[in-house]
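*Asks:* no FASTA, just this:
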C-alpha cells in the first residue's frame, strides 16, 4: 500500500492549516508530516501531543534521549535520522548521541537512567520492572518525568509505526544523520 507525501497542493482540506503552520515553522514540510496529513485525525493527534510536550518537565536533551531511544528500539530509520538532527540542534553532546544511535550505555549516568527506562517501557510494553523504575528514581527523576517519558514513547510509537507502514523516505535536511540500524 502506498501512502502519499502531501504538500500544500495535495493536502486534505482538514489538514491544510497544520501543514501550512509546519512549513512556516520548519521552512519545509518533513515527509512524516506529509504522510500524516492523509488522516486529519492522526495528524491533529500528533500535533496536539507535540504541543502538550512543550510543557514537559524533561529538558530538550532529555526529550531527544527518549525520542532517539524509542525510534532505535523500534527500528525507525526515519525518526532516528530526524531526531538525531534535532538532538544536535539542542546541543546534545556527540558521545551521547552516538551511544543512543548504537543502543549503548550512555556516558552520563542520569541520561542513561532515562534511556534504560525508555528501553524498558518499549520492550516490556509499559510493564516496567521495579528495578528499572527504582534506578530511574534514584537518578533524580520523579513521577512527572515517568509520565512525560510515557507520553513521548506514545508519540514516537505513533510516528515510528506510520513510518514503517508508509516507508517514509528520509528528508534531505536529515540525510547527514541517516541511520541504518535494525530495520
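*Replies:* Yep, that arrived. Note that the coordinates shown come from a computational prediction; the quantities given were computed from them, not determined experimentally. Residues are numbered from 1 along each chain as shown.

*Asks:* C-alpha from now on. contacts and neighbour counts both.
*Replies:* Fine.

*Asks:* The spatially most central residue of the chain is in what secondary structure piece?
*Replies:* When Cα atoms, centre = their mean is applied to the chain, the residue found nearest the centroid is residue 67 (3.5 Å). Assigned by DSSP states H and E, residue 67 falls within helix 60-73.

*Asks:* What is the burial count for the closest residue to the residue nearest to the centre of the chain other than its chain neighbours?
*Replies:* Leaving aside its sequence neighbours, residue 67 sits nearest to residue 156 (Cα to Cα, 6 or more residues apart in numbering; 6.3 Å). Close neighbours of residue 156, defined as other Cα atoms under 10 Å, add up to 22.

*Asks:* any residues touching the helix-or-strand element of the chain with minimal mean pLDDT, and which ones?
*Replies:* Sorting the helices and strands of the chain by mean pLDDT, DSSP states H and E puts helix 16-26 at the bottom, at a mean of 87. The contact list for helix 16-26 (Cα atoms under 8 Å, 6 or more residues apart in numbering) reads 7-8, 11, 28-29, 33-34, 37, 44.

*Asks:* Give me the distance between the residue nearest to residue 67 and residue 73.
*Replies:* 11 Å (Cα to Cα, to the nearest Å).

*Asks:* I'd like to check the angle between whichever helix in the chain runs longest and helix 60-73, please.
*Replies:* Secondary structure of the chain per DSSP state H: the longest helix is helix 143-166. Using axes from the mean of the first three to the mean of the last three Cα atoms, to 10 degrees, the inter-axis angle of helix 143-166 relative to helix 60-73 is 40 degrees.

*Asks:* Would you agree residue 106 is in contact with residue 92?
*Replies:* No - in this structure residue 106 lies outside contact range of residue 92 using Cα atoms under 8 Å: 12.0 Å.

*Asks:* domains of this protein?
*Replies:* 13-54, 58-177 (automatic domain parsing).

*Asks:* can you list the weak-confidence ranges in the protein?
*Replies:* For the chain, the stretches with pLDDT under 70 are 182-183.

*Asks:* was I right about the residue nearest to the centre of the chain contacting residue 83?
*Replies:* Yes - in this structure, residue 67 is within contact of residue 83 by Cα under 8 Å, at 6.8 Å.

*Asks:* and residue 107, what element?
*Replies:* Residue 107 belongs to no helix or strand, assigned by DSSP H and E.

*Asks:* what's the nearest residue to it if we skip its chain neighbours?
*Replies:* Using Cα to Cα, 6+ apart, the nearest residue to residue 107 is residue 96, at 6.6 Å.

*Asks:* Alright, calling it a day.
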